[in-house]
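Undergrad: one predicted model, sequence on top.
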Amino acid sequence: MKQLKRLKNMISGGEESEKQKDKQSDEEMKTEETETKTEETKEKTTKKASKRKAKKSAKEKAEKADAKTKKDTKTEKPVDKTEKTSKSEVKKPQKPRSDSMSLFEGRDVDTITRSNITDDFKQAVIDAGAESLAICFQCGTCTGACPSGRRTPYRVRQLVRRSLMGLKEELLADDTIWMCSTCYECQERCPREIKIVDIVKIVRNYASQAGYMAKAHKMTGSFVIKTGHGVPINDATKELRKRVGLSELPPTTHEFPEALEEVQTILKTTKFDSLIGYNWESGEIE
Amino acid sequence: MAFAYFLGCIMNNRYPGIEKATRIMFENLDIGLEDMKGASCCPAPGVFGSFDLTTQQSIAARNITIAEDMGMDVMTECNGCFGSLYETNHLLHEDEDQKEKINAVLAEAGREYKGEVNVRHFAEILYNDVGLDKLSEAVSNPLNLNVAVHYGCHFLKPSAAINIDDPIKPTIMDELVEVTGAKSVEYRDKMMCCGAGGGLRSRDLDVTLDFTKEKLDNMTEAGVDAIVNVCPFCHLQFDVGQTEVNKKYGTNYSIPVFHLAQLYGLAMGLSAEDLTVDAHQICVDSALEKCDTAMLDKLDKVTGGE
């Protein structure tokens, strides 16, 4: 959608509000289609032809081009709405359309090529523990089962596909990979018994190494470094614990400093501290 | 029978009534609960599993070594902890190379994972080791409640590794709940996630609350008196999250939330104060009153209504 808007702005000069523009061009299309049969046929033929051309290019591109056609119609037409009823006014912009019908414009930028693919990424995900990645046949059952996908742009099938294809860079930079709640509904239903949640976690591990970590997550990590607990105790809970006759501090790293040291040693050994940018002196995330 | 009692974080550091209820209940059932001294966060599978699996497995394995030293199976009553510990235990059992790798990390802290103990979930122990018959004997105060059972995700899934009950249509928790006299009410998308897990709650609260609202809508439609869970994180999400949903969507949900241990506490006659349900964000009085009324009704019958 963003691309579409940007395109619209480019063509129309971006002076009017997007909604208005959408509405207008839609109306124009309607007018054309209902009022001028011959024009409609003409236009459809053009559209079909252009779609045929675009067959090999991505779907987005076809949509873009469609929008572009619409826009062209609009920009060359007087803006005044009252004039819309006039058939001749509507017909006018049809002529130069063929010039601007190139669906291939910008193709080099958007098409996936070898250069987008990180060769060893698929194997790296497999080696990190997700052997079953290789047998995915992209049926989409996972996405169909996904409660996150019902309300967010997160598509777990796409995550698996990108892992398979080695589209590492765009996958790691994609914010939606963090919208999985790891509920395992996809994995339970996968007809290939692929360990999908393992794939999600491995991909997130790579994203983390690449620096895509949320501050809130780093904070949870820093709590464990400082106290051994992701959710450390607070004064209110200490009171509650005392009230019901439990020890004020639970018998965990909270009560045993030497145990906390063990945890900290482990976190240093795996370099978790530097991964999240933990500063041991200030106790803050850098 | 005795278990190494793994506390985790949210239960002991936010809802100590769950811990209290469990300790009393297990004493009544004559099952030992030994503290795992110096245990830490499981660690949180959402953040640690997502950031670095080696770190997640190392911290989890360290916790398991504490139970190995005690020579006891681990018991946890948190799905998140269960997931983190169980999956690590399972993996290190299956994968010798990974076990070596993790042990190399643990050696720095003077520990070694041997793979000698099992990781068990509280609800599964109640069902398989204690049994419904013995549990129903322990109920002194039957509960007149219609409850929405929330299984959560990491109690039963991934089922291929965990194998406790059918992950799509389980009955284990419903049976456990109905022992208390409460009725488990069917509701739409009962097996759906609360939305908190996978690091979603801390990173993207809006998405989490959208999950939670859908669950609350469906539970409300079914007309329930309370939500019962087996995971302090789901518990927190339904308790604190319910107030957040109300704030965000302008709704007015007020469904009381109980961990299964607290529900058993009520059924065993423990006070609301002991269960710390009075400290919940969502007031539980409506559910408590309904239980008390049920008791009063019974008393009336016994005494001829005088």
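TA: Thanks, I have it.
Undergrad: OK, now which residue of chain A is nearest to chain B?
TA: When you check chain A against chain B by C-beta to the nearest C-beta, the closest residue turns out to be A:Ala259, at 2.8 Å. Just so you know, the C-beta spots here come from the backbone N, C-alpha and C atoms, and that holds for glycine as well.
Undergrad: can I assume B:Phe51 is in contact with A:Ala214?
TA: No: counting by C-beta atoms under 8 Å, B:Phe51 sits too far from A:Ala214 to count as a contact (10.1 Å).
Undergrad: hang on, the earlier thing: name the SS class of the residue of chain A closest to chain B, please.
TA: Classification of A:Ala259 by DSSP: H, G, I helix; E, B strand; the rest coil places it in helix.
Undergrad: so for it, what's the pLDDT?
TA: On pLDDT, A:Ala259 comes in at 98.
Undergrad: burial measure for the closest residue to it other than its chain neighbours, as a count.
TA: Beyond its immediate neighbours in the sequence, the residue positioned closest to A:Ala259 (C-beta to C-beta, 6 or more residues apart in numbering or on different chains) is B:Gly38, lying 2.8 Å away. Using other C-beta atoms under 10 Å in any protein chain shown, the number of residues around B:Gly38 comes to 22.
Undergrad: B:Asp189 now?
TA: One way to gauge burial is a neighbour count; for B:Asp189, by other C-beta under 10 Å, it gives 11.
Undergrad: and the closest residue to it other than its chain neighbours, what does it touch?
TA: With C-beta to C-beta, 6+ apart as the criterion, B:Asp189 has its nearest non-adjacent residue at 5.8 Å, and that residue is B:Asn218. Shown in contact with B:Asn218 (C-beta atoms under 8 Å, 6 or more residues apart in numbering or on different chains): B:187-190.
Undergrad: buried subset of those, written for PyMOL?
TA: The PyMOL selection below is limited to those of those classed as buried (16 or more other C-beta atoms under 10 Å in any protein chain shown):
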select buried, chain B and resi 187+190
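Undergrad: on contacts alone, who are the packing partners of the strand or helix carrying B:Leu135?
TA: Secondary-structure element containing B:Leu135, defined by DSSP states H and E: helix B:132-138. Helices and strands touching helix B:132-138, as assessed by 3 or more C-beta pairs under 8 Å, 6 or more residues apart in numbering or on different chains; DSSP states H and E, comprise helix B:172-178, helix B:260-267.
Undergrad: ranking those by burial, who's on top?
TA: With neighbours defined as mean count of other C-beta atoms under 10 Å in any protein chain shown, these peak in mean count at helix B:260-267, which reaches a mean of 26.
Undergrad: so which elements touch it?
TA: Helix B:260-267 is packed against helix B:16-28, helix B:122-125, helix B:132-138, helix B:172-178, strand B:226-229, with contacts defined by 3+ C-beta pairs under 8 Å, 6+ apart.
Undergrad: do me a favour and average the pLDDT over it.
TA: Helix B:260-267 shows a mean pLDDT of 97 in the predicted model.
Undergrad: next, the angle from it to helix B:16-28.
TA: 70 degrees (axes from the mean of the first three to the mean of the last three C-alpha atoms, to 10 degrees).
Undergrad: list the contacts of helix B:260-267.
TA: Contacts of helix B:260-267 (C-beta under 8 Å, 6+ apart): B:17-18, B:20-22, B:24-25, B:77, B:122-123, B:126, B:135, B:138-143, B:147, B:173, B:176-177, B:179-182, B:226, B:228-230, B:258, B:274-275, B:277, B:288, B:291.
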